[in-house]
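S.K.: Can you look at this prediction? I've put the sequence above it.
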Amino acid sequence: MLFVSLRDLEWRRRRFLIGVVATGLVFALAVVLTGISQSFINEVSRTANAFEADQWIVSEKALGPFTATTMLNANLVDTVRKDPGVSGASPVLITRFPVQGNSLRDSGVIGVVPHGLGVPEVVDGRTIERSGEALADRSMHRGVGKTFSIGGVQFVIVGRTKGVSYFAGQPTVFLTLDDAQKLTVAGQPLASAIVVHGTVTRPPANTHALSNADVIKDLKRPLKAASGTIDILRVLLWIVAAGIIGSILYVQAIERTRDFAVFKATGVGGRALAVGLAFQAIVLAILAAIVAIGLSFLLAPLMPMPVETPASGFILLLVVSVVIGVLASLFGLRRAISVDPALAFGGA
């Protein structure tokens, strides 16, 4: 039956190739969605870890430094530094602003103390040292030496970071703490958090300490709805793929009615017919998965958001393709089993 199934695929190769390409495109979209969903998770961890903080001191009313608008007095850093469990501390101010570069783009604007804690690793250029200078993430597509404006104030990019973004690919720019305070809080000595090296034994009054894991959890929270939507769409794409393969096999089963009648008249059982149909479906699905892997690499650069598909995503694709192939074969199996063997002899 396997040999007969292969010969049948060869005979109907044009339809088979169309099915492979169509299913491959659906699979590729599912892979891209997996990569986008994974990028949400990756960027949150990368951004939080870029501050190299052991703890974050925030207002007692704040769930996290990235999602809360409640601030604390930046001068509390002096109290935190005196804590016996602390080896270093610096205030940071985290907010959002439209940044005007090549185009207007919402970005995370983060104020840090030059050469203090919270300044991310620079991959191009140098770190900020004085007012008017900025670090920009590569996702802003602005090189070292270029300028941009925030609220009408011009800044020059002296260095660039890589992979520091949040809220689904929103790029970040780092300014001096003084510049960020002038832009957002009229120059008042306020901060979103105090990043700490070490462990605070007793947080200042009206504040509480968060671990890096707490900050990551809070930063993921606004993305739950988007991630859930992506998961639903991915499942729907799997169903569409199963429908494409199933429809192809069902049409083939109708066309092969007399073939099935001959098989049954010569003693071929339903199990053998099922194996033959499942084999065809699995071959189609696996080839579609291979095509999808190639298409996903072509589609990823076209997406407005980062696509970071893990190796496990491609393995999952191959596993799911086999499962879909088996399930899709049921569309044609019922038709094959219901064929009357008398048709092999011209019976009605």
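M.R.: Cool, got the structure. Note that the structure is a prediction, hence the values are computed from the model and not measured. Numbering: from 1, shown residues only.
S.K.: Only C-alpha atoms from now on, for both contacts and neighbour counts.
M.R.: Will do.
S.K.: residue contacts, the nearest residue to Asp106 once chain neighbours are set aside?
M.R.: In space, and not counting its chain neighbours, Asp106 is closest to Pro98: 4.2 Å by CA to CA, 6 or more residues apart in numbering. Applying CA atoms under 8 Å, 6 or more residues apart in numbering to Pro98 gives the contacts Leu104, Arg105, Asp106, Ser107, Ile150, Gly151.
S.K.: Of these - the most surrounded one?
M.R.: Each of those was scored for neighbours by other CA atoms under 10 Å, and Ser107 scores highest at 24 neighbours.
S.K.: could you list every residue that touches that residue?
M.R.: With contact set as CA under 8 Å, 6+ apart, Ser107 has these partners: Arg96, Phe97, Pro98, Val99, Gln170, Pro171, Thr172, Val173.
S.K.: Recalculate using a threshold of 6 Å.
M.R.: Arg96, Phe97, Pro98, Gln170, Pro171, Thr172 (CA atoms under 6 Å, 6 or more residues apart in numbering).
S.K.: want to try CSV for these, with distance to Met140 as columns?
M.R.: Listed next are these as CSV, based on distance: CA to CA, whole Å:
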residue, distance to Met140
Arg96, 14
Phe97, 13
Pro98, 12
Gln170, 9
Pro171, 6
Thr172, 8
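S.K.: Now for His197, how many residues are close by?
M.R.: By other CA under 10 Å, the residues close to His197 number 18.
S.K.: ok, now Phe314?
M.R.: Using other CA under 10 Å, Phe314 has 17 other residues around it.
S.K.: what about it, which SS state?
M.R.: Reduced to three states with DSSP: H, G, I helix; E, B strand; the rest coil, the structure at Phe314 is helix.
S.K.: and it, how far is that from Ile282?
M.R.: 16 Å (CA to CA, to the nearest Å).
S.K.: Quick check: buried residues in the lengthiest helix in the chain?
M.R.: The longest helix of the chain (DSSP state H) is helix 13-50. Residues of helix 13-50 classed as buried under the neighbour-count rule (16 or more other CA atoms under 10 Å) are 16, 19-41, 43-50.
S.K.: what's it packed up against?
M.R.: Taking 3 or more CA pairs under 6 Å, 6 or more residues apart in numbering; DSSP states H and E as the contact definition, the neighbouring helices and strands of helix 13-50 are helix 224-255, helix 270-299.
S.K.: Report the mean confidence score over stretch 82-97.
M.R.: Here stretch 82-97 scores 92 as its mean pLDDT.
S.K.: chain center to it: distance?
M.R.: Stretch 82-97 sits 30 Å away from the centroid of its parent chain (CA atoms, centre = their mean, to the nearest Å).
S.K.: Which pLDDT does the model give the residue lying closest to Gln170 once chain neighbours are set aside?
M.R.: Spatial nearest neighbour of Gln170, chain neighbours left out: Ser107 (5.6 Å); criterion: CA to CA, 6+ apart. At Ser107, the predicted lDDT confidence score is 87.
S.K.: List phi and psi for Ser107.
M.R.: Backbone torsions for Ser107, taken as degrees, to the nearest 10, come to phi -140, psi 160.
S.K.: Please determine how far it is located from Thr309.
M.R.: In terms of CA to CA, Ser107 sits 24 Å off from Thr309.
S.K.: what secondary structure does Asp106 sit in?
M.R.: At Asp106 the chain is in strand, as set by three-state DSSP.
S.K.: and Pro84, which of the three is it?
M.R.: For Pro84, the assignment made with three-state DSSP gives coil.
S.K.: any low-confidence regions in this structure?
M.R.: Along the chain, the parts satisfying pLDDT under 70 run over 1-13, 252-275, 331-348.
S.K.: ok, 80 please
M.R.: Applying pLDDT under 80 to the chain flags residues 1-16, 100-105, 245-281, 304-305, 325-348.
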